[in-house]
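Enquirer: Have a look at this prediction, sequence included:
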Amino acid sequence: MTQNIHDYLAELDDIPGTRVFTAARARRGYWLNQFAMSLMTPENRERWKADERAYLEEWPMSDEQKAAILARDYNRCLDLGGNVYFLAKVFSTDGLSFAEAVSTMTDMSFPEYREMMLKGGRSVEGNRSIKANRAAGKKGAD
């Protein structure tokens with residue numbers, strides 16, 4: 001039995017705290033990710049650090065994408081098509097480690113996040129289905 005690819009991909013949106021980088025997200029975030037990759041060169045990093053807003057104006061991103069980058073709202077960047085590995089160029093330019101930056105995407109401080117990861121990562125309890133959490137009235141339902 002075959003499954004409709006759109007139905008299958010929609011199921012991935014039911015995982016709490018997870019944004020799967022689908023082809024649709026890739027298309028939506030193309031310029032956002034191109035901007036982030038531009039920070040691989042020292043010249044572009046310096047231009048970015050000198051005037052972030054002016055540098056972003058050179059990229060045909062949505063105003064919402066630009067605002068998310070300026071706010072360093074990485075979860076919003078992911079929602080708008082950003083790829084975490086491309087966004088790592090922004091983290092690095094800001095002087096953050098990958099783990100420090102990713103901890104900002106949680107409701108934990110960096111030390112709490114680091115400790116959780118050292119203990120094996122987040123529990124699967126409550127992290128399997130947004131729909132099931134909503135039905136049970138639990139955290140992670142949004």
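Expert: Great, that's in hand.
Enquirer: What lies in contact with the host helix or strand of Tyr85?
Expert: Under the criterion of DSSP states H and E, Tyr85 resides in helix 84-93. Contact with helix 84-93 is made by 21, 32-33, 36-40, 45, 48-49, 69, 72, 74, 77-78, 97-98, 100-102, as judged by CB atoms under 8 Å, 6 or more residues apart in numbering. From N, CA and C alone the C-beta is placed, and that goes for glycine too.
Enquirer: Would you indicate which residues of the very next helix or strand once past it are buried?
Expert: Toward the C-terminus, helix 84-93 is succeeded by helix 98-103 as the next helix or strand (DSSP H and E). Neighbour counts over helix 98-103 (16 or more other CB atoms under 10 Å) mark Ala101, Val102, Ser103 as buried.
Enquirer: if we can go back for a sec, may I have the helix holding Tyr85 as PDB, with CA atoms only?
Expert: Extracted in PDB, the C-alpha atoms of helix 84-93 (Å, rounded to 0.1, in the frame of the first residue of the first chain):
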ATOM      1  CA  VAL A  84      20.200  24.400  11.500                       C
ATOM      2  CA  TYR A  85      23.500  23.500   9.900                       C
ATOM      3  CA  PHE A  86      23.500  26.600   7.800                       C
ATOM      4  CA  LEU A  87      22.300  28.700  10.800                       C
ATOM      5  CA  ALA A  88      25.400  27.400  12.600                       C
ATOM      6  CA  LYS A  89      27.300  30.000  10.500                       C
ATOM      7  CA  VAL A  90      25.400  32.700  12.400                       C
ATOM      8  CA  PHE A  91      26.000  31.000  15.700                       C
ATOM      9  CA  SER A  92      29.700  30.800  15.000                       C
ATOM     10  CA  THR A  93      29.900  34.400  13.900                       C
END
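Enquirer: Now do that helix, average pLDDT.
Expert: Regarding helix 84-93, the rounded mean pLDDT is 95.
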